[in-house]
Each structure stands twice: as C-alpha cells, then as structure tokens.
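Chemist: Would you be able to build a 3D model of this:
(one chain, ligands or ions: 1)
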Amino acid sequence: MPHAVTLIPGDGTGPEITEATRRVLEATGVQFDWDVRQAGAEMLEKYGAVLPDEVIESIKRTKVGLKGPITTPVGKGQRSANVTLRKRLDLYANLRPAKTYQGLRSRYENIDLIIVRENTEDLYAGIEFQRGTPEQEEILEIIARTTGHRLDPNSAMSMKYISVAATRRIVKFAFEYARANSRRKVTAVHKANIMRLSDGLFLATAHEVAKEYPDIQYEDRIVDNMCMQLVQKPELYDVLVLPNLYGDIISDLSAGLIGGLGVAPGANIGSQYAVFEPVHGSAPKYAGQNKVNPMAMMFSGVMMLRHLCERDAASRLEKALTQVIAEGKNVTYDLKPRPDDPTAVGTSQVADAVIEKLQRF
Ligand code: NAD
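Modeler: As a prediction, the model looks like this:
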C-alpha cells in the first residue's frame, strides 16, 4: 500500500526543494500517494487565507504532511501559515535534530543535538493586540487596574502564555524521545530568573516531569547562558527542551553549529498528525533559480520515512545524503568553501546525485 502523504510545496524556493525531495523519496522504492496542496501568499487572493482549509482537511485524512517553507509577510497583520498549521493540527512538538556530517563546513565536529521546541504557546500563541483598537484599550485598562502599570497606548502587544498542560506534554515528549533513542540527558531551557511566572511555571513543571524519568539525566539552563554554552562547548548537551520562542532561536543557532540552514531538518509532531519541513524559510531572493540546497528538506524526508516505519529506506536515504555531502562535489553553493564557487551545482542536480547513490545500495 502506498503511503498517503499531503505534499505542500509552499512558496519562494519551496516548490524547487519540494520537487527535488519528492524525487529522492520515490527513488528509495517506497510508494507514495501524494496529495499536493498549495499554501502561501498566493492563496490569500484565491481563498482569503494563506492556509486554505483544504490543506488542513487533507492532513487530517493522510495524517502526514511534507511541507516546503511558506513566506510570512512581515508586520502586515496576516497570521503565519506555519503557526496556523501547527496550531490547528495541534502539532505541539517541533523536533529539530542538529548533527554534523563529515564534509560539512562547520567550526565544530561531532555535534549531535536534539532540539525539542514547544510549538503552540508562548509568544507565538498569536494573542496580539493592535495599537489603537478598542480591544487594546480594554487590555490597557485591565493592566492598569490589576498591576498599577499605565502603559503607553501608542503600543502593540503580544502575549506570552505558558500552561502546565502544554509544558508537561512537551517535556514528556523530550524524555520519551530520549528514552526511545538512547539519549543520555535532557536540558530544560528558560528565563525563569526574569519571567518568574511564565518561565517559572515552565521550569517547575519540567522539574516535576523529570522525576518520572530517573534513568535520564536532567538539568536546566538559562537561555542566554545556553547560547554561550552551545557556542563554547556544544558537546556537553544532548536533548534540549524549550518554550516556543527560545526553541525557534536556539534551533537556528544549532543549525549554524552544523554548517547552516541548508542541512537542518525538522518535524512538527502531535498526538494524531505529523508534518515534516526544513528549519529554513522560503529564501525568496533565490526563488526560481535552481540554487538553494534541498538537503534540509531531504533530511526532513528521512525523518518522515522513520515516522512511516520505513526504517530501511530512511537509512539508505540518509547514507546517500551523507555520501554526497562527504564527497563535496554535487553540492549547492552553501556547502562549498566559498559561496561564489563556480563548481556549485543546483537544487535539481543535488537530487540527481542523491538518486545515483541510492541506486547503488
Ligand atoms: P530563510 O531561511 O528563508 O533564508 C535566510 C538565508 O539563509 C537565505 O537568504 C539564504 O542565504 C540561506 N538559506 C535558507 N535556506 C537555504 C537553503 N535551503 N539553501 C541554501 N541557503 C539557504 O529566512 P528568512 O529570509 O528570514 O525568511 C524568509 C521567509 O521565510 C520569511 O517570510 C519567513 O517568515 C519564512 N519562514 C518560513 C518558515 C517555514 O515555512 N517553516 C521558516 C522560517 C522562515
């Protein structure tokens, strides 16, 4: 039986890397029944939303999505399609591995980190108040009455919201992942010294959950210190669990440790559905140029194959990718010693090289 998967090419460079990824996935011999669904800025005119309902309905049917990046217009008041997708399908865990492979140009060796980012709450909950609206005035009134703080009405607000239930389930996810994948340690990351209530609740809940997993080491770190530690001694860390905003930032930092966004995969996982996508965005300035690296999306495809219990195909695709990286020949500009290296190949040529490797084993 082919695996039914919702394929969302996205926009910007999304369609190119999605096509390259679809080709390598099919070359593993696994059968897919793709349900291709469009999302992104162009859908706004047609459907009045960057994420049409039919995309959500498709994933509810197939249970699995593979997604290219989608552009979010900055400061236009339009909600991000990515955030909406994660919220509507309750994809509460964002799993972002950061691993060095031989041949990647990185300042570090032997990085093997797993970032577990909470995906539904925190400053990304989408609870915002526009300057000069009656809603914002009401909120300012409530704040003045309950805290004594009179805030400047010429301001906008985004609410940081952290619950016990969502924290429990993300920290449990991190520990369960650690246990299932023979990882040694979970580190909870927070800023509870300043945001004593919201991050304080995250930290206290993480401590409680950690007691249920005595077989796994547990510690916590303040997020600013964590950034420095990751740059200085990343080998000390293993699985990190973080609220949404810190998780977003630290996963890009971790992608930088392993040689860039071009090879950083991700998965958004909930109790019923899972959507796999690269960490990077739509890199719109390179759209239509057959230029950017499709490997982050291909590694996301490896994660998807494992999720679909296609372990052998996942290992073969991972091996093919690591061989292409190690050889350093058929790779895009970002994996070359210099970005203007004339020997850099395009997105679709990377797919050709990976398929050629796959055909050998
Ligand atoms: P970006 O990740 O798109 O690009 C930043 C830079 O990183 C690019 O200019 C390019 O130099 C490099 N880069 C990114 N992907 C690459 C690849 N595959 N190969 C080689 N180089 C690559 O980040 P941005 O410019 O901040 O965001 C562009 C848009 O994407 C924004 O609208 C943002 O909201 C959106 N975005 C979407 C997602 C998603 O769909 N999940 C994630 C992040 C950003």
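
Chemist: how about the residues of the stretch 251-361 of the chain near the ligand?
Modeler: 261-262, 277, 280-285, 292-293, 296, 332, 334 (CB under 6 Å from any ligand atom). The C-beta positions use only the backbone N, C-alpha and C, and glycine is treated the same way.

Chemist: Could you identify which of the residues you listed has the most neighbours?
Modeler: residue 292 (30 neighbours; other CB atoms under 10 Å).

Chemist: gap between it and residue 263?
Modeler: Separation of residue 292 from residue 263 (CB to CB, to the nearest Å): 12 Å.

Chemist: Pick out the most distant pair among the residues of the stretch 251-361 of the chain next to the ligand.
Modeler: Using CB to CB, these span at most 19.7 Å, a distance reached by 277 and 285.

Chemist: Tell me which residue in this protein sits closest to the ligand.
Modeler: With CB to the nearest ligand atom as the measure, residue 281 is the residue of the chain nearest to the ligand, at 2.4 Å.

Chemist: Look at that residue and report its pLDDT.
Modeler: pLDDT, residue 281: 93.

Chemist: how far away is it from residue 10?
Modeler: Where residue 10 is concerned, residue 281 sits at a distance of 9 Å (CB to CB).

Chemist: go on, residue 332?
Modeler: Distance of residue 332 to residue 10, computed by CB to CB: 18 Å.

Chemist: try residue 115
Modeler: 21 Å.

Chemist: where does this protein have low pLDDT?
Modeler: 74-78 (pLDDT under 70).

Chemist: ranges for the strands of it?
Modeler: 3-8, 32-36, 64-67, 93-99, 112-118, 128-129, 157-158, 185-190, 217-222, 239-242, 265-269, 274-278 (DSSP state E).

Chemist: any chance of the ones you listed in a markdown table, plus distance to residue 81?
Modeler: What follows is those, written out as a markdown table (distance: least, CB to CB, whole Å):
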| stretch | distance to residue 81 |
| --- | --- |
| strand 3-8 | 9 |
| strand 32-36 | 16 |
| strand 64-67 | 9 |
| strand 93-99 | 15 |
| strand 112-118 | 18 |
| strand 128-129 | 16 |
| strand 157-158 | 18 |
| strand 185-190 | 27 |
| strand 217-222 | 32 |
| strand 239-242 | 23 |
| strand 265-269 | 13 |
| strand 274-278 | 11 |
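
Chemist: For residue 170, which of the ones you listed is the nearest?
Modeler: strand 112-118 (4.2 Å).

Chemist: Give me the sheet partners of the closest one and which way each runs.
Modeler: strand 93-99 (antiparallel), strand 239-242 (parallel) (DSSP bridges).

Chemist: That strand near the ligand anywhere?
Modeler: No - using CB under 6 Å from any ligand atom, we find that strand 112-118 stays clear of the ligand, coming within 12.0 Å at best.

Chemist: How about that strand, which residues are buried there?
Modeler: 113, 114, 115, 116, 117, 118 (16 or more other CB atoms under 10 Å).

Chemist: ok, and what's touching that strand?
Modeler: With contact meaning CB atoms under 8 Å, 6 or more residues apart in numbering, strand 112-118 is reached by 92-100, 166-167, 170, 173-174, 177-178, 181, 183, 230, 234, 237-244, 246-248, 250-251, 254, 257.

Chemist: Between strand 265-269 and it, find me the angle.
Modeler: Put simply, strand 112-118 runs at 40 degrees to strand 265-269, going by axes from the mean of the first three to the mean of the last three CA atoms, to 10 degrees.

Chemist: starting at the chain centroid, how far to strand 112-118?
Modeler: Strand 112-118 has its C-alpha centroid displaced from the chain centroid by 9 Å (CA atoms, centre = their mean, to the nearest Å).

Chemist: Likewise for stretch 58-73?
Modeler: With CA atoms, centre = their mean, you get 12 Å for stretch 58-73.

Chemist: Identify the contacts common to residue 281 and residue 10.
Modeler: In contact with both residue 281 and residue 10: residue 69, using CB under 8 Å, 6+ apart.

Chemist: Look up the closest residue to residue 99, ignoring the ones flanking it.
Modeler: Nearest non-adjacent residue to residue 99, counting by CB to CB, 6 or more residues apart in numbering: residue 112, 5.2 Å away.

Chemist: Okay, helices next: where are they in this structure?
Modeler: 14-27, 41-47, 53-62, 81-88, 134-147, 164-180, 198-210, 223-232, 244-257, 295-307, 311-327, 347-358 (DSSP state H).
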